[in-house]
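Engineer: just the structure for this:
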Amino acid sequence: MSSNTQDEVQDLLSKLQAPIENVDTLLAYLSAPLDSIGLLPPVYRRFNVHPLPSGTASSVKISRHISQFQRAILQHIAPTWDVILLEKRALPLLDQYFCPDSMSNASRAAGEVAVAAYSTLVSTSPLSPYALRVLGELSIQYPVDRLYTAVVVSRDDLDGPEKERVWGDCVSNLVNVPAKVANSVGLEGMIPRVLENATFFNRLAVRVENLVSSLSAGKDKQESVPYLAYLLGRLVAQGAFPPSPPTTRTQPSFFQATLPTIQSKVYSPNRQAYFAHWNELLANLPSVLSLQSILISLFGSLRTLEPPLDDSPSQRALVREEAITLTDFVGAPQPDTEELWETVSSIILKRSWPLSHARVFVCWISGASRGGDINLAALEALMKNVLERWADPEHVKHSLLSQHHFVTSLLLLSASYFSEDSPPMRDLSFNTGFIQGVGRYLGHQDKSVRLCGMLVGEEIARMSGKKLEFGGWDGEESGKPWARALRKLLRGRDVDADVEKADMGAPPPDESDAALEELVSPAAMRAAMEEVEDEPEPPKVQFKDTAAGYDSDDSLAGYESPPSSRSASPTPSELAEIEKDPSLNVNVKKVPRPVYLKQLGDLLKGGKKTSTEDAHEADRIEMALNTAEELIRKKKDYGTELAENAVNLEYSLLSLNDNYEIEGFSAKRQGAMTALVSCAPRQAALALIEEFFKNQYSVEQRYVILNALALGARELASLPVPESRVPAHRIAFPSKTLPPSLHNKYLTAGNESSELVPLLMENISRNALDQQKPPENPVLAREKVLRIKKASGISEISKPNKLGAQAPPKRTTFTEVAAEYFIAPLTNRFWLFLREEQMREERTAHLEGRSRYHGTGTGLILNPLVLSHFLKTLGILVNASQNAPEWLAIIAPDALELAVTIGTRPVSHTEGMDEDGGAGGKEASVLGGALELALCVLDGAISVDGGRSLSLDHTHLLLGTSEWAAKIFSNLEKGLKVEGEGGVHEVRLRSVTAGVLLKVDEITTKWRRSMLDYM
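Structural biologist: Residues are numbered from 1 along each chain as shown. Below you'll find the model as predicted:
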């Protein structure tokens, strides 16, 4: 290009940046460069009065000059002349510099101008309304597939490295458009819909899929792989491949926009070339992390079945369809392809997936989703990896129940593809890791988790040609419906399901934004209902009339009966035995309803026996349980009858066994025990505490004791408790009930003795944590505090009437008996019991095997299952006794000391060791119970005196509590696991630890200066 033409272009740029006299002159300036590069629309050629050289001798070079013209338009022309150009209908002339019209879209110059326009607009700050409009049009008219043609296909003048550089810059500018627009508009502006983050990237994803489809059938397929792989890598970096389907319109998802289209091509004629191109792209991604992100997003976008373990043919067909999609899009992973196999195995086993995905993964890895032989080598490798994860002690202790169900289902489904008694199954049944894993599951505290180990043990034994039965699979308790559904699902294989091609070849849904939030109008719904109603009814079956004169008995012929084999009649002694059976006794005399507590005790005496010599024993026990709570509550204020019989009734109720499977046995016994504690606290509480520390009771009976103490204490303190089983009009006083939501929650949990106290303690801890939240309106809160209470007026005092009715007896409140009869005996007896247990362990520490004593065995008090319940019960008692006069001096420090000691010191020699003899730690349930107890004490101290007594009289104890909680919180933040943390304890432990730290900080902040004098 000569220097004269160069000067002409520079002179034209200078004129565009300077003030222009009129619109005709402006149009002349704008027309000349466009005509030189061949992009001037015919309607504007009349304005080109001073043309520049065009064709091969063009004075305007797109790569050099067009971006300068674009900046001049954005900075000088558009802000000044946009209104006038709009009136002249000449605004499209400006747009031609950024987004050439559809008539010139296919030209090479138009593509180069669009590439330059993306770069110019993204580098301009801020974006004017005109720039936003042009950028929106550009994203629609020149998407990524058109840019690929402009950069890679049309630019023959560039070599390979230069072309890769230009393509990299083009992709960077393209993916930065939404962020640039959002930063430019700010919080108060309106972003054009087409430039919103989700809309932009979803449209971009659709165009990428279209580009892959068009290139897979062409000759340049191999050349396009590095360019498209780089594009996918940039989309991964921009978050276009989320790990789960988006929940809001602002989140993009590549597979949400493209997966229906991809699945529609599973049975298309050119599917092999299409999916082969995708396989090659995934194999040539910039990094393994990009491959992981794409696969995670793909797995998360698969359909989720409800219910997940449905074994119907239609659901099995859906599973196989999803497996076919994975086989075509990703390929069948095999242990030989190490990178893909390691990536897929890691993603499947180390992330949380819906339960139905386990079926899809196994069907996919089997390699037979499209028919053919099953890849037993891949399935065996998968089964070994899953077994290693399933039997991992960390997984057994810390994983959530949903993850246990997923891994267990994955293990059993992969094993179900092998034939019974095959070598892999025999090897699995004798595998050491498998045997140890079953043992770890059976030793878990959560019964739902234990079911996983029991189910795997039974099913693997069956698949190996052996027999193992744990039993107890009936019922609707947590985990049992899942186990039954999985056991039923294992009787078939998803890979054998029949798949209809019509389902996979259905057209993809609408790609517009409206399709993401489809709404059905009422008119359409009414029309659909009318159409269903108009359908003809199926013809009814009609039976022919019976022929006249025919009798069905005529066709029957008699036959000779064999000699009778009936047994002989029972002898008188056998009749006597039958008479003793309570299930066969009819028309017997009804057991009289007890009126006195002594009669109630006589009815309960037979409940301790395990034999059935007395035919009426079951009736007596049932009558006693039905009337016990009502009678005890009625006798509360009637003399000394209840006080004299309370202890004996406790012993009888506590030692009862449900030998006759009486309906509501546990609930009725618990209600009676609670009534005894609330109505006769001075006698019942001490007796129950003594019984709790005896070694003759089971875990369930210890739960009954603790529940009775906790509920009875709350009832004495007039705090909300679960509603009594006895109607209010049948007892002497009304019971206070919880709010409706909590009442239903605790009522459903009342059948399980192990759930009631944890639910109450959870509610107490939540209330304590909620008090840490600042008031919604500090000004109103301060005004409420400063509000002066109006003095009451003078009222006349009536004289007491000596001849009037006698005043009702004074009822005992919990504050009167909390320290002497509940908390102090419970804590002191625990310290004595702990000392004796540790001494017994020390005396037998030199012995081996069964001769060595362990204080934390199943059913013992120091077992985590019982100890955590004990701590929660003590926390409920401490919370209910805040108004007791001994609370600050005795109850609070003693309870806090017990919580810190149990949380920091081992209660048994075996507590610090895991099952392999290594270093262990506190169980999460025990640690959580101790922290909740400490939280109750600290919250009560703040409520009673602002923490003064605790901070000044027990400074070292308070600081020790802070150090203990800070250490636990630090370990949790570092990712360290606590034994038994999975399940219900995972979230609670972290929140309660934070609550303890906040409460201690609140106390020390207020009394720090005074604490220095007491340390």
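Engineer: please report phi then psi for the spatially most central residue of the chain.
Structural biologist: Per CA atoms, centre = their mean, the C-alpha nearest to the average position across the chain is that of residue 402, at 7.9 Å. Dihedral pair for residue 402: phi -60, psi -40, per degrees, to the nearest 10.
Engineer: kindly state the pLDDT recorded for it?
Structural biologist: Note on residue 402: pLDDT of 90.
Engineer: right, and it touches residue 352 too?
Structural biologist: Yes: shown here, residue 402 and residue 352 form a contact pair, counting by CB atoms under 8 Å, at 6.7 Å. The way it works is simple: take the backbone N, C-alpha and C, and place the C-beta from them, glycine included.
Engineer: got the CA positions of stretch 255-273 in PDB?
Structural biologist: The C-alpha trace of stretch 255-273 is given here as PDB (Å, rounded to 0.1, in the frame of the first residue of the first chain):
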ATOM      1  CA  PHE A 255     -25.200 -30.200  29.000                       C
ATOM      2  CA  GLN A 256     -28.500 -28.700  30.000                       C
ATOM      3  CA  ALA A 257     -28.600 -26.900  26.700                       C
ATOM      4  CA  THR A 258     -27.000 -29.700  24.500                       C
ATOM      5  CA  LEU A 259     -27.700 -33.100  26.100                       C
ATOM      6  CA  PRO A 260     -31.200 -33.500  24.500                       C
ATOM      7  CA  THR A 261     -29.600 -32.900  21.100                       C
ATOM      8  CA  ILE A 262     -26.700 -35.200  21.800                       C
ATOM      9  CA  GLN A 263     -29.100 -38.000  22.900                       C
ATOM     10  CA  SER A 264     -31.200 -37.500  19.800                       C
ATOM     11  CA  LYS A 265     -28.300 -38.500  17.700                       C
ATOM     12  CA  VAL A 266     -27.700 -41.800  19.400                       C
ATOM     13  CA  TYR A 267     -29.500 -43.600  16.600                       C
ATOM     14  CA  SER A 268     -28.800 -41.200  13.700                       C
ATOM     15  CA  PRO A 269     -27.100 -42.600  10.600                       C
ATOM     16  CA  ASN A 270     -23.800 -40.700  11.100                       C
ATOM     17  CA  ARG A 271     -23.600 -41.300  14.900                       C
ATOM     18  CA  GLN A 272     -20.300 -43.100  14.700                       C
ATOM     19  CA  ALA A 273     -18.500 -40.200  13.100                       C
END
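Engineer: thinking again about what came up before, for the residue nearest to the centre of the chain, give me its contacts.
Structural biologist: Counting by CB atoms under 8 Å, 6 or more residues apart in numbering, residue 402 makes contact with 352, 355.
Engineer: from residue 478, how far off is it?
Structural biologist: 12 Å (CB to CB, to the nearest Å).
Engineer: just residue 975 next, same as before
Structural biologist: 28 Å.
Engineer: out of those two, which sits in the more crowded spot?
Structural biologist: residue 478 (13 against 6; other CB atoms under 10 Å).
Engineer: before we move on, what SS does that one have?
Structural biologist: Using DSSP: H, G, I helix; E, B strand; the rest coil, the secondary structure recorded for residue 478 is coil.
Engineer: wait, it sits on residue 448?
Structural biologist: Yes: Residue 478 is within contact range of residue 448, at 4.4 Å (criterion: CB under 8 Å).
Engineer: hey, what's in contact with both of the two?
Structural biologist: Common neighbours of residue 478 and residue 448 (CB under 8 Å, 6+ apart) are residue 401.
Engineer: let me see the backbone angles for residue 721.
Structural biologist: Backbone torsions of residue 721, given as degrees, to the nearest 10, read phi -140, psi 160.
Engineer: for the host helix or strand of residue 378, which outside residues touch it?
Structural biologist: Using DSSP states H and E, residue 378 falls within helix 376-390. Residues outside helix 376-390 that contact it (CB under 8 Å, 6+ apart): 332-335, 341, 345, 349, 362, 365-367, 395, 407-408, 410-411, 414-415, 417-418, 424, 428, 431, 433-434, 437, 456.
Engineer: so which of those belong to helices?
Structural biologist: Using DSSP state H, 341, 345, 349, 362, 365, 395, 407-408, 410-411, 414-415, 424, 428, 433-434, 437, 456 are the members of the contacts of helix 376-390 that sit in helices.
Engineer: confidence score at residue 565?
Structural biologist: Taking residue 565 on its own, its pLDDT is 50.
Engineer: repeat for residue 865
Structural biologist: Confidence for residue 865, expressed as pLDDT, is 85.
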